[in-house]
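K.L.:
next input, structure requested:
(one chain, ligands or ions: 2)
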Amino acid sequence: MAGPYDLIVIGTGPGGYVCAIRAAQLGLNVAVIEKRDAHGGTCLNVGCIPSKALLHASELYEEAGHGFAKMGIKVAPELDLAAMLAFKDEGVTGNTQGVAYLLKKNKIDSYRGIGKVLGAAKVLVTAADGTEQELATKSIVIATGSDVAQLPGLEINEKTIISSTGALELPSVPKKMIVVGAGVIGLELGSVWRRLGSEVTVVEFLDRILPEMDGDIAKTAKRILTKQGMAFKLGHKVTGAEPSSGGDSGASGLSVSIEPAQGGETQTLDADVVLVAIGRTPYTDGLGLAEAGVAFDERRRVAVDAHYKTNIDGIYAIGDVIAGPMLAHKAEDEGVAVAEILAGQAGHVNYNVIPGVVYTFPEIASVGRTEEELKQAGIAFAAGKFPFTANGRAKVNGTTDGFIKVLADAKTDRILGVHMIGANASEMIAEAAVIMEFGGSAEDLARTCHAHPTLTEAVKEAAMAVEGRAIHM
Ligand code: FAD
Ligand code: NAI
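P.N.:
Ligands and ions are numbered 1, 2, ... in the order given. I've put the predicted structure just below:
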C-alpha cells in the first residue's frame, strides 16, 4: 500500500487541484487521483475554458462581419470552423498542462484512475487497464464535481442531441439549433452557434431567462439577445425529439415536440441539433460513499458541515459535489479553505460575495443579493442605476447596451448587491466584490477616484445614483 499521505484529493477540477496545492504549500504530504487523461476537471476540459475560447473567437468573427465596417475597417470574414475548434483545443491543452506543472512543482503525487473510498483512511485507485492500488491517508477530500442533468425523452448522443460537451465540438454549423434551458450554458453556447450562423431558439420552462439573476438584468438581456437574433419560447418545455426527414434541415433533422410548461397543446419545431442545458447534478458514481456511510442531502449532494466535513471523520467534500453555486471560483475558494482547515488554520468562504458571470455579449455579472431577494427578505434598500449610454468610453467604443445597478442598505448604505449588463462586466464585477468583502458603502464606492475614460466610471456613477447624485445622468 502506498502512503500514508496526510491528504488524498479525489478529482482535480478547480476545487481539487487548488485544494491539493494549498495543502502542499502548508506542508502536507498530498496525493491526487484523477480519472480523466488531463487534470483541470470539467472547467478546464469541457467547461469554462473551452466555452470561453469559442465565445471569444465567435465574438470577434461577428464583430469583424458586422462591427468593423462602421469603424472604417473593411473585411469579409470567412469561418474556418476546424481552425476555430483547434484554437479552442490549444487553449485547453495550455491550461491543463499548466495544472500538471503546478502539481509537480508542489511535489504532489498524481494517480490516474477511478478513486474509491474504502473507509476514512484508505482509497482504492483503479487504472484504465484495471490495475488496482490501495493508498493510505489521514484525510480525504472528495472533489468529483458534477455531470450533465438528463432530460427524459431526449437521450444525449452528442451528435444531434447534445450536452455542453458536444456543443464545444460540433464539426459543422447546424442550420437550426434548439436549446433547452435559458440558463448560463444555454445562453453562452447558444450565442456561440448563433454568431457562427445557426438559427437558435431557446425553450425555457419558466417565464423568464436566467432565473438566478436580478429580474431587471434578465429582462434587458432577453431584449438584447432577441435583437441579436436569438429566439425565445418561454413558459414551454421540450417533451421529445424524433428523427424527421421532412424538416427544413433534411434527412438528419429532428422534429422536436414542445408544450406549455403547465400542459396544453403540443407544437413541433424542426432542428438539426438540440442542446440540453437544464442544469448539472453532483457526480459521485463509483466513489463508494454510500458503502463508507457518507450522508447525502435531499438533492444527492454530499452533505458537509461548515468545515466541509462529512458525517464521517476524515472525509471532506468541496465544489460542485456539495451545495452552493456550481462555479469554478466557488470550488477553488472551498479548496483553499478546506486545505487551511486541515492544516490547523481558520479556512473560510464568504458565500455572500461570490460573483456570477454570463459571458454573452454584452456580459452579465452579479454579486450579492438581487432586488427580488432583498424584497422577499424584507430588507429596505436604495437602488442606484447608471446606463452605459451615458458613459463616455462606452459611447466611443460603440458598446452602449446595458446598465449597472448598485443596491445599498437604506439605513447603513452598506452595499448589498451589484448587478450589471454591459461590455467587460466580467472584469468590472471584481471591484464590487472587493468593496462588498470589506463591508463598504455606496458612498465609499462613489468617492473612489476612477480612471477616465473607462467603463468602470459607470460603477462609480451607479453608486452615486444611490443618493440621486450621478453626474452624467
Ligand atoms: P470538476 O471540475 O467537475 O472536477 C471534478 C473532477 O473529478 C473531474 O476531472 C472528474 O474526472 C474527476 N472525478 C470524478 N469522479 C472521480 C473518481 N471517482 N476518481 C477520480 N476522479 C474523479 N464555472 C465558472 O465559474 N465560470 C465559467 O465560465 C464556467 N463555464 C462553464 C461552462 C460549461 C460548458 C460547464 C459545463 C461548466 C462551466 N462552469 C463554469 C462550471 C464549472 O466548470 C464547475 O463549477 C467547476 O468545474 C466545478 O469544479 P469541481 O472541482 O467541483 O469539479
Ligand atoms: P442553469 O441552472 O444555469 O439553467 C438551466 C435552465 O434550464 C433554467 O433556466 C431552468 O429553468 C431551465 N429548465 C430546467 N428544466 C427545463 C425543462 N425541462 N425545459 C426547459 N427548461 C428547463 O444550468 P445550465 O445552464 O445547464 O448550467 C449548469 C451549471 O453550470 C450552472 O449551475 C452554472 O452555474 C454552471 N455554468 C456556469 C457558467 C458561468 O459561470 N459563466 C457557464 C456555464 C455553466
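
K.L.:
and the strands in the stretch 1-150 of the chain?
P.N.:
Assigned strands in the stretch 1-150 of the chain, in chain order: 2-10, 30-34, 109-112, 114-117, 122-126, 132-142, 146-148 (criterion: DSSP state E, counting those that start in this stretch).

K.L.:
the stretch 251-400 of the chain now?
P.N.:
With DSSP E, counting those that start in this stretch as the criterion, the stretch 251-400 of the chain has strands at 254-260, 267-271, 273-276, 280-282, 315-317, 356-358, 363-368, 381-387.

K.L.:
just the residues contacting the last one, thanks.
P.N.:
The one in question is strand 381-387. When contacts are taken as C-beta atoms under 8 Å, 6 or more residues apart in numbering, the neighbours of strand 381-387 outside the stretch itself are 371, 374, 400, 402-410, 413, 416, 442, 458, 461-468, 470, 472-473. For glycine as for every other residue, the C-beta is placed from the backbone atoms N, C-alpha and C.

K.L.:
quick one: name the residues of the chain near ligand 1.
P.N.:
Residues of the chain found near ligand 1 (C-beta under 6 Å from any ligand atom) are 10-16, 33-36, 41-43, 47-48, 51, 114-115, 143-146, 164, 185, 283, 286-287, 319-320, 326-329, 331.

K.L.:
got a pLDDT number for the one residue sitting closest to the centre of the chain?
P.N.:
When the chain is reduced to its mean C-alpha position, the closest residue under C-alpha atoms, centre = their mean turns out to be L327, at 5.0 Å. L327 is assigned a pLDDT of 98 by the prediction.

K.L.:
equivalent analysis for S249, please.
P.N.:
According to the model's per-residue confidence, S249 sits at a pLDDT of 46.

K.L.:
swap in G153?
P.N.:
On the pLDDT scale, G153 is placed at 89.

K.L.:
C-alpha coordinates for stretch 88-104, PDB please?
P.N.:
Listed in PDB are the C-alpha atoms of stretch 88-104, where the atom choice follows Å, rounded to 0.1, in the frame of the first residue of the first chain:
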ATOM      1  CA  LYS A  88     -10.100  26.200 -28.500                       C
ATOM      2  CA  ASP A  89      -8.200  22.900 -28.000                       C
ATOM      3  CA  GLU A  90      -4.900  24.700 -27.900                       C
ATOM      4  CA  GLY A  91      -6.200  26.900 -25.100                       C
ATOM      5  CA  VAL A  92      -7.500  23.800 -23.200                       C
ATOM      6  CA  THR A  93      -4.100  22.000 -23.500                       C
ATOM      7  CA  GLY A  94      -2.200  25.000 -22.400                       C
ATOM      8  CA  ASN A  95      -4.400  25.300 -19.300                       C
ATOM      9  CA  THR A  96      -4.400  21.500 -18.400                       C
ATOM     10  CA  GLN A  97      -0.700  21.300 -18.800                       C
ATOM     11  CA  GLY A  98      -0.300  24.300 -16.500                       C
ATOM     12  CA  VAL A  99      -2.200  22.300 -13.800                       C
ATOM     13  CA  ALA A 100       0.000  19.300 -14.300                       C
ATOM     14  CA  TYR A 101       3.100  21.500 -14.000                       C
ATOM     15  CA  LEU A 102       1.800  23.100 -10.800                       C
ATOM     16  CA  LEU A 103       1.000  19.700  -9.200                       C
ATOM     17  CA  LYS A 104       4.500  18.500  -9.900                       C
END
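
K.L.:
name the residues of that stretch that are buried.
P.N.:
Using 16 or more other C-beta atoms under 10 Å as the test for burial, stretch 88-104 gives K88, G91, V92, N95, T96, V99, A100, L102, L103.

K.L.:
now do the helices in this structure.
P.N.:
With helices called from DSSP state H, the chain shows them at 14-25, 41-46, 48-66, 81-105, 164-167, 184-195, 215-228, 328-342, 371-376, 392-397, 425-437, 442-446, 457-465.

K.L.:
domain ranges for this protein?
P.N.:
2-148+281-342, 161-278, 356-465 (automatic domain parsing).

K.L.:
quick revisit: dump the strands of the stretch 251-400 of the chain into CSV; add mean neighbour count and mean pLDDT as well.
P.N.:
Putting the strands of the stretch 251-400 of the chain into CSV (neighbours: other C-beta atoms under 10 Å; pLDDT from 0 to 100) gives the following:
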stretch, mean neighbour count, mean pLDDT
strand 254-260, 18, 96
strand 267-271, 19, 95
strand 273-276, 26, 98
strand 280-282, 19, 98
strand 315-317, 26, 98
strand 356-358, 21, 98
strand 363-368, 24, 98
strand 381-387, 20, 98
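
K.L.:
to A24, which of those lies closest?
P.N.:
Taking C-beta to C-beta, strand 315-317 is the member of the strands of the stretch 251-400 of the chain nearest to A24, at 16.1 Å.

K.L.:
can you list the neighbours in contact with the closest one?
P.N.:
For strand 315-317, the surrounding residues in contact (C-beta under 8 Å, 6+ apart) are 117, 120, 139-143, 292, 294, 302, 304, 307-310, 338, 342.
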